[in-house]
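S.K.: Test case, fold it:
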Amino acid sequence: EVYYYGAGCATDEACERIRTDLTLLFHNSRIEVSSDMLGAARAACGNSAGIVGILGTGSNSCLYDGRNIVENVSPLGYILGDEGSGAVLGRLFLGRLLKGQFCYDVLNDFKNDCSFSIPEIITRVYRESRPNAFLASFAPFILKCCRYQDVNSFVIDEFRRYIRNNLLNYTGFGVLPVNFIGSIAENFHSQLSEAMQAEKGVMGRVIQSPISALAHFHSHAL
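M.R.: Here you go, the predicted model:
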């Protein structure tokens, strides 16, 4: 049995293309191709209903009934959406930092810890490939700066924006547990928990990587 979960597998046509390719490699196998969102839901919730959020380089979310995704607010990518993601945290943080909106200690730490000048940052964001990954690469530095109140508040506010723009749209928010997948959710667990409490959500599990939970799901739940 082969179970494949991919970020590009949002349509039946995309899933069928991947399944066809996998069939050439895995003969006489049962092959299931699904979205990464369903993989996250199965890893976080198993066969139980819940709301699931992905917080990594990008963000996503869904309402899961224990078998299928029944509601999904489009994440829209890091320019139009992706609230709470590493890319958006990096984009907003750099904008505020370089406009002098954080305390001096944050800017001083940036000068000491990061080797990028403003022209280099602009080049990486506007002229080179994968600017979302570049912006998300500042997440460890943002986490370090959460010892400063203004940065910590900035992160909490961004998670609250993610909750309000995405999770509050789902039936059962405030009753069903919200389980999170991804490195941003794991590393900013404290700030995410505070944001969930402020928005009156029920905090569930936080899993950095879904692979072990998915292996358990497919070994025991199906």
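
S.K.: And the helices in this protein, which stretches?
M.R.: Here the chain has its helices, by DSSP state H, at 12-25, 36-45, 77-80, 86-98, 104-113, 118-126, 131-136, 139-144, 149-165, 183-187, 189-198, 211-220.

S.K.: Summarise which helices and strands the last one is packed against.
M.R.: It stands for helix 211-220. Contacts defined by 3 or more Cβ pairs under 8 Å, 6 or more residues apart in numbering; DSSP states H and E place helix 211-220 against strand 2-6, helix 36-45. C-beta: built from backbone N, CA, C; applies to glycine.

S.K.: Let's have these in TSV, adding mean pLDDT.
M.R.: Output for these, formatted as TSV (pLDDT from 0 to 100):
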stretch	mean pLDDT
strand 2-6	89
helix 36-45	90
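
S.K.: Tabulate these in TSV, adding columns for distance to residue 65 and mean neighbour count.
M.R.: Converted to TSV, those look like this (distance: least, Cβ to Cβ, whole Å; neighbours: other Cβ atoms under 10 Å):
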stretch	distance to residue 65	mean neighbour count
strand 2-6	18	16
helix 36-45	9	24
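
S.K.: where in this protein is pLDDT low?
M.R.: 221-222 (pLDDT under 70).

S.K.: Swap in 80 and give it another go.
M.R.: Applying pLDDT under 80 to the chain flags the ranges 8, 10, 76-78, 220-222.

S.K.: which residue ends up closest to the midpoint of it in space?
M.R.: Most central in the chain under Cα atoms, centre = their mean is residue 55, positioned 1.7 Å from the mean C-alpha point.

S.K.: what's across from that one in the sheet?
M.R.: Residue 55 forms beta bridges with residue 59, as assigned by DSSP bridges.

S.K.: any idea how far residue 185 is from it?
M.R.: From residue 55 across to residue 185, the span is 4 Å (Cβ to Cβ, to the nearest Å).

S.K.: re earlier: make a markdown table out of the helices and strands packed on helix 211-220 and add distance to residue 152.
M.R.: Formatted as a markdown table, those follow (distance: least, Cβ to Cβ, whole Å):
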| stretch | distance to residue 152 |
| --- | --- |
| strand 2-6 | 33 |
| helix 36-45 | 26 |
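
S.K.: thinking again about what came up before, tell me, what's touching residue 55 and residue 185 both at once?
M.R.: Here residue 55 and residue 185 have residue 192 as joint contacts, going by Cβ atoms under 8 Å, 6 or more residues apart in numbering.

S.K.: re earlier: so for residue 173, which of the helices of the chain sits nearest?
M.R.: With Cβ to Cβ as the measure, helix 149-165 is the member of the helices of the chain nearest residue 173 (8.4 Å).

S.K.: Show me which residues of the closest one are buried.
M.R.: 151-152, 154-156, 158-163, 165 (16 or more other Cβ atoms under 10 Å).

S.K.: Also compute the angle for it relative to helix 86-98, please.
M.R.: Put simply, helix 149-165 runs at 140 degrees to helix 86-98, going by axes from the mean of the first three to the mean of the last three Cα atoms, to 10 degrees.

S.K.: what's helix 149-165 packed up against?
M.R.: With 3+ Cβ pairs under 8 Å, 6+ apart as the test, helix 149-165 has helix 86-98, helix 189-198 packed against it.

S.K.: could you redo the last one with a cut-off of 6 Å?
M.R.: Secondary-structure packing of helix 149-165 (3 or more Cβ pairs under 6 Å, 6 or more residues apart in numbering; DSSP states H and E): helix 189-198.
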